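Novice: sequence and predicted model, in that order:
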Amino acid sequence: MEIGKGRFETADKGVADGFKNLVAIRIGRALGVEAKRGVDAVREIVAQGLLKLGVSGIAELRGKADDSRTTDLSTFGKGLGSGVPISAIVAPCHVMDFQEAFALITTTGNAVSTCVAHAVLDTIENEDLIANAQARGEQIKAGLRDLQERHALIGDVRGRGLAIGFELIRDRETKEPATSEAAKVVLRGYQLGVVFTYVGMFSNVPELTPPLTLSEAEADEAVQLIGQAISDVEQGKVSDEEVAAFAGW
């Protein structure tokens, strides 16, 4: 269970199962029936990108969040077609076969989109991009944690594969979100040549989801530019006026 868009915090099995059961109980009460089992858990594989979670991303295609948490349904979006419209769902038979022709969509089974999706999956497999996502993700997180030791603004670094977030805070004791600073870091990063955005409940978690084909040199350069962006923000080189034009990100 991923908590919060872009925060990349993963709940353990007990929390995930407890949440499923709690939701089932609340729904049962609303309908006036007794909940017999937890609700189905749907894993949405869109925001972080297809298989960007690296080795653990293989579990997406097997209907599991990882080795300990079962996901009942997995949905796939635009990443599957690499720009060509297509989506897919992976689910057990008791979900997919409960009724014949229960989903009727005009473009279902489009031959061109299906061929593209096959080509995308073949490329990911043949070029070993899952392993690359795992390796480059560890490389980036290591680089960010090195920056964390030199910049008090970075409160936490987390993520799996090439789905990474680093939380910006103003005080490591109070954990006060550095919301305006995050916007400035994103803007300064863009000016320097590295593009990312910020997310999170307090808009203070810069989110990195680079392509599966990211090279070692590109990962190193990205971390270096992010470090420069943070330094520039800490030194007051990015004004509130500059960021104001981009309000509403």
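Specialist: Received, thanks. Numbers count the residues shown, from 1 in each chain.
Novice: what about the helices in the protein?
Specialist: Along the chain, counting by DSSP state H, helices occupy 13-31, 93-96, 111-126, 129-150, 179-192, 216-234, 240-244.
Novice: OK, contacts around Arg136?
Specialist: Leu162, Pro210, Leu214, Ser215, Glu216, Ala219 (C-beta atoms under 8 Å, 6 or more residues apart in numbering). In this view, the C-beta of every residue, glycine as well, is placed from N, C-alpha and C.
Novice: of these, grab the buried ones for PyMOL.
Specialist: To isolate the buried subset of the contacts of Arg136 in PyMOL, counting by 16 or more other C-beta atoms under 10 Å, use the following:
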select buried, resi 162+210+214+219
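Novice: for the contacts of Arg136, which one is nearest Glu149?
Specialist: Glu149 has its nearest neighbour among the contacts of Arg136 in Ala219, at 18.5 Å by C-beta to C-beta.
Novice: hang on, isn't that closest one packed against Gln139?
Specialist: Yes. With contact defined as C-beta atoms under 8 Å, Ala219 counts as touching Gln139 (4.9 Å).
Novice: I'd guessed Phe196 sits against Ala183; true?
Specialist: No. Between Phe196 and Ala183 there is no contact under C-beta under 8 Å: 11.9 Å.
Novice: name the residue in these two with the higher neighbour count.
Specialist: Ala183 (25 against 21; other C-beta atoms under 10 Å).
Novice: spit out the contact partners of that one.
Specialist: Applying C-beta under 8 Å, 6+ apart, we find Ala183 in contact with Tyr198, Ser203, Val243, Phe246, Trp249.
Novice: tell me how far the fourth one lies from Lys78.
Specialist: The gap separating Phe246 from Lys78 is 24 Å, by C-beta to C-beta, to the nearest Å.
Novice: so those two - more neighbours on which side?
Specialist: Lys78 (14 against 11).
Novice: leaving out sequence neighbours, find the closest residue to Pro85.
Specialist: Leaving out its chain neighbours, the residue that sits closest to Pro85 by C-beta to C-beta, 6 or more residues apart in numbering is Ser113, at 6.0 Å.
Novice: what residues are up against the one you found?
Specialist: By C-beta under 8 Å, 6+ apart, the contact list for Ser113 reads Gly81, Val84, Pro85, Ile86, Thr107.
Novice: before we move on, what about Leu212?
Specialist: Leu212 makes contacts with Gly49, Leu51, Lys52, Ile124, Leu129, Ile130, Asn132, Ala133, Leu162, as judged by C-beta under 8 Å, 6+ apart.
Novice: switch the cut-off to 7 Å
Specialist: Going by C-beta atoms under 7 Å, 6 or more residues apart in numbering, Leu212 touches Leu51, Lys52, Ile124, Leu129, Asn132, Ala133, Leu162.
Novice: now Gly81
Specialist: By C-beta under 7 Å, 6+ apart, the contact list for Gly81 reads Ser113, Val116, Ala117, Val120.
Novice: can you rerun that using 10 Å?
Specialist: Residues in contact with Gly81 (C-beta atoms under 10 Å, 6 or more residues apart in numbering) are Leu50, Ser87, Ala88, Asn110, Val112, Ser113, Thr114, Cys115, Val116, Ala117, Ala119, Val120.
Novice: Arg160 touches Leu51, doesn't it?
Specialist: No. In this structure, Arg160 is not within contact of Leu51 by C-beta atoms under 10 Å, at 11.1 Å.
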